[in-house]
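*Asks:* Give me a model of this one.
(chains A and B)
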2 protein chains.
Amino acid sequence: MAMLTSVSGFPEWLPEDQLVEQRLVEILRQKFALYGFTPLETRVIEPIHHLLMKGETDKEIYMLRRLQADPDETDKELGLHFDLTVPVARYVVENRSKLVFPFRRYQIQKAWRGERPGLGRFREFTQADFDIISDSKITMLDDLEIIELLAEILQTLPIPKVHLLINNRKLLEGYYRGMGLDNLTPVMRIVDKLEKIGPAGVLQQLVEDAGATPDQAHKCIQLGQIRTGDPKALISQVHAAGVEHPLMEEGLEELVFVLEALQADPEGLALADLSLARGPDYYTGTIFEAKFAELPRYPSIAGGGRYDNLAATVSGGKLPGVGVTVGVSRILGVALHEGLLRASRKTTSCVLVALGSEEARTRSVKAARALRQRGINCEIYPTGDKYGKQIRYAAKKGIPYVWFPAEPAGVSDQVADRVFDQVRDIRSGVQVEADIDTWTPPEDDRRVQIGWDEEAYQRVIHNPIYFGQQTAER
Amino acid sequence: MAMLTSVSGFPEWLPEDQLVEQRLVEILRQKFALYGFTPLETRVIEPIHHLLMKGETDKEIYMLRRLQADPDETDKELGLHFDLTVPVARYVVENRSKLVFPFRRYQIQKAWRGERPGLGRFREFTQADFDIISDSKITMLDDLEIIELLAEILQTLPIPKVHLLINNRKLLEGYYRGMGLDNLTPVMRIVDKLEKIGPAGVLQQLVEDAGATPDQAHKCIQLGQIRTGDPKALISQVHAAGVEHPLMEEGLEELVFVLEALQADPEGLALADLSLARGPDYYTGTIFEAKFAELPRYPSIAGGGRYDNLAATVSGGKLPGVGVTVGVSRILGVALHEGLLRASRKTTSCVLVALGSEEARTRSVKAARALRQRGINCEIYPTGDKYGKQIRYAAKKGIPYVWFPAEPAGVSDQVADRVFDQVRDIRSGVQVEADIDTWTPPEDDRRVQIGWDEEAYQRVIHNPIYFGQQTAER
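*Replies:* Numbers count the residues shown, from 1 in each chain, chains lettered A, B, ... in the order given. Predicted structure coming up:
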């Protein structure tokens, strides 16, 4: 094993964990289709000038070069994408005349960043993005479709309890302008740190770094501390500071619309959180973020919002939209690493077809064919090992059933004579005669079950790595 | 659009084509599970010394480097994998103690090669590999499982007519040794070109480059010309040359076993082809390759076989196995490029929920929720545009149904009063009253249908690019 090199930040999982990941991705795909989002996959590379235009990300990019490339080759101008936004922007502009707008796409792909790995952060990671992109205008109904889909996903996935925090950039901008603060970007960035550095820290930074008066800073904190799932409470709390501005009212109305629509969801899922800022240069209306409610130090697992122009970096014509990134690797990072989710077996097989002897292989092949014909996942044990060994193999992989084809006397030395096929439930050890053309395993056994380990979860939410004091992240 | 750069060899498809690709991958996943193969995904990068050990592939590798990397960083020693064999070998050795053998895994992932793009050849491409890997021994039942699964896949995928060509390395080796030819690798390589350069060319090269006598060369060609789906004919044709060798008989027996098991498949699918050689350094028994039967110049779409040791490059302990690579991009290359496969629509949506006016949006939201509750894929039209425009949007995307929620008088100016919901089939234009809680579209409309275009196929099989003379490939 001397040659093996595990590479930091590039996680790989065991087969049983990959079955969990696959189920999560299946749920995502099914929900995306339910809401009319169409699958998109883009090439993993982009020209470097696309990747760099998004801002201060240059340090994170993996560049490509062919091992035997000529020094003047253009390949050296290609890099791996670090998110799925840059690629979709380029794709939509490139294919603009062939797409029908509003374009609803989802995209589940890997992305790469050369940054230092940390809690929930990898160098290679899978994201699931979904966006509604228009060539003319986006409405609050689009915002609602995106948020309802995200809320449905968060409730369907077998994951820890989640908060879906929602805010509105117009509300923030109007509020700050309404009290005379026009230096918006630093203000939002500082208020966004409310949970991390506390009110006193925010107050100090607003005064020192954003030019706010103590009274203005106090009002900023007052707004940032609003966190409620109740639309009526939200309205009265926003108005409590006495700040007035038409843009604030417009944003408040939008936020109330979204919050009201989510009232059907379980209480505590959706919350207006007025400290939330998210990417000040990009989002222009509704913004939101999903966090594990009981793992405060774990980074957000989804985030997104409304933007005026997807493709500012690639084209002149505007492409407004609204969308989300779900951090699939981030969810799996804690769920698999801590064993919160467990597959009921290590394989897709529901049945192991035993092999009595090399001479009897035709009967095993026929049995497997008959099961597969009826959609029952199975595999054949490849040698005439003792049945005990074959059963142990099934047990090690968690295959629930072993099928023994009938064997006339003398064919195998393992049984004297078996007139009918038999099937054994390896969990109970019960073995009964069965007919290959009609026997059907219970629905729950047909496919891998994904189980939630509440004990492991309780351990995790009391683990200081995930829940400790609010110290600055590296 | 000045900034856009389409990158040669990195194909991307339109949404309707991506729906076709997704269906193909769905079929693959379902069949893999049916045969008890478990999904595996490995990181896309490998240390350069793993990638280089497989042989003469150094020119094809994409190396990585972080844009802002220090000159002495180890990242520069990483490259993108060029197949899925090197990664699985490394993964299996790395996790050997945690896996249960025989390990049956499938892996559908992209791989990258920096070579010149050509007919069916890309720089970024998707492969679907499946292997049975043992830590002790592989049997003919494993070979059969792999080939039966491949045959089932080839028959289930909506693709052009396929030949599954099968051979056996022991048969070849025994035959050549039996007549005194021990310089096996060049002999197999030359006979493998039989279809491309013809018997005369093969004869000449065998004599000139492989040291064969004209009589030996003649017998090589005689063997290489055997191509039959009939096990009995195969046996007599192999024996016709009078060559004798125990290894030849062992290989013939294995080949006959496989061919007999495939007799249940449609005639002409599985053929013994004794010119087939495949990777002389790697395979040791059964070998096979799938080609489009009526596109002789198109490269093979799947290939694989039995090997003695998967991981010679990474470890001491042997890992024998049998497996296949299916070229997903290669299949899509001709199927999508030539329009052989077409999706029935450009979206997953089965229903467009119309919006009467901004004020009526609650009713549209409720209608969409009711449909989704029953698993019917739908989307909401986001603005109160004229219904004609909303219907045209559905038509452009190929969404078969438009749902109009009931509207009390005065709410919208589009209809005076609509007491009941209505649904319109946009293909027939028929619009009827319907109940949101019971209306169900026909099964065929619920999901995207993938159609085969026989006319396009007829055009393709007469196109000299795919069919023409057997000239050497670039």
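*Asks:* got the residues of the stretch 101-250 of chain A near chain B?
*Replies:* Proximity of the stretch 101-250 of chain A to chain B, by C-beta under 8 Å from any C-beta of the partner chain, involves residues A:102-105, A:110, A:114, A:124, A:132, A:134, A:137-142, A:144-145, A:148. Just so you know, the C-beta spots here come from the backbone N, C-alpha and C atoms, and that holds for glycine as well.
*Asks:* make it 6 Å
*Replies:* Applying C-beta under 6 Å from any C-beta of the partner chain, one finds that the stretch 101-250 of chain A approaches chain B through A:114, A:124, A:139, A:141-142.
*Asks:* would you turn those into CSV with neighbour count, secondary structure and pLDDT?
*Replies:* Formatted as CSV, those follow (neighbours: other C-beta atoms under 10 Å in any protein chain shown; DSSP: H, G, I helix; E, B strand; the rest coil; pLDDT from 0 to 100):
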residue, neighbour count, secondary structure, pLDDT
A:Gly114, 22, coil, 88
A:Glu124, 20, strand, 96
A:Thr139, 21, coil, 96
A:Leu141, 23, helix, 96
A:Asp142, 26, helix, 97
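*Asks:* Average pLDDT for the helix or strand where A:Ile197 lies, rounded please.
*Replies:* Taking DSSP states H and E as the definition, A:Ile197 sits inside helix A:194-210. Computed over helix A:194-210, the mean pLDDT rounds to 92.
*Asks:* After it, which helix or strand is next?
*Replies:* Per DSSP H and E, helix A:194-210 leads on to helix A:214-224 as the next helix or strand towards the C-terminus.
*Asks:* Give the buried residues for that next one.
*Replies:* For helix A:214-224, burial by neighbour count (16 or more other C-beta atoms under 10 Å in any protein chain shown) applies to A:216-217, A:219-224.
*Asks:* Could you list every helix and strand that that helix packs against?
*Replies:* Counting contacts by 3 or more C-beta pairs under 6 Å, 6 or more residues apart in numbering or on different chains; DSSP states H and E, helix A:214-224 packs against helix A:194-210.
*Asks:* Report the angle between the helix it packs on and helix A:214-224.
*Replies:* Helix A:194-210 and helix A:214-224 are oriented at 150 degrees to each other (axes from the mean of the first three to the mean of the last three C-alpha atoms, to 10 degrees).
*Asks:* Any chance you could list what contacts the helix holding A:Ile197?
*Replies:* A:183, A:186-187, A:190, A:212, A:217, A:220-221, A:224, A:275, A:470 (C-beta atoms under 6 Å, 6 or more residues apart in numbering or on different chains).
*Asks:* quick one: whatever residue of the stretch 201-350 of chain A ends up closest to chain B and B:Tyr381, what's the gap?
*Replies:* In the stretch 201-350 of chain A, the residue found nearest to chain B is A:Ser349; the distance is 3.5 Å by C-beta to the nearest C-beta. Distance from A:Ser349 to B:Tyr381, counting by C-beta to C-beta, to the nearest Å: 45 Å.
*Asks:* more crowded one of the two?
*Replies:* Ranked by neighbour count (other C-beta atoms under 10 Å in any protein chain shown), A:Ser349 and B:Tyr381 place A:Ser349 first, with 27 against 23.
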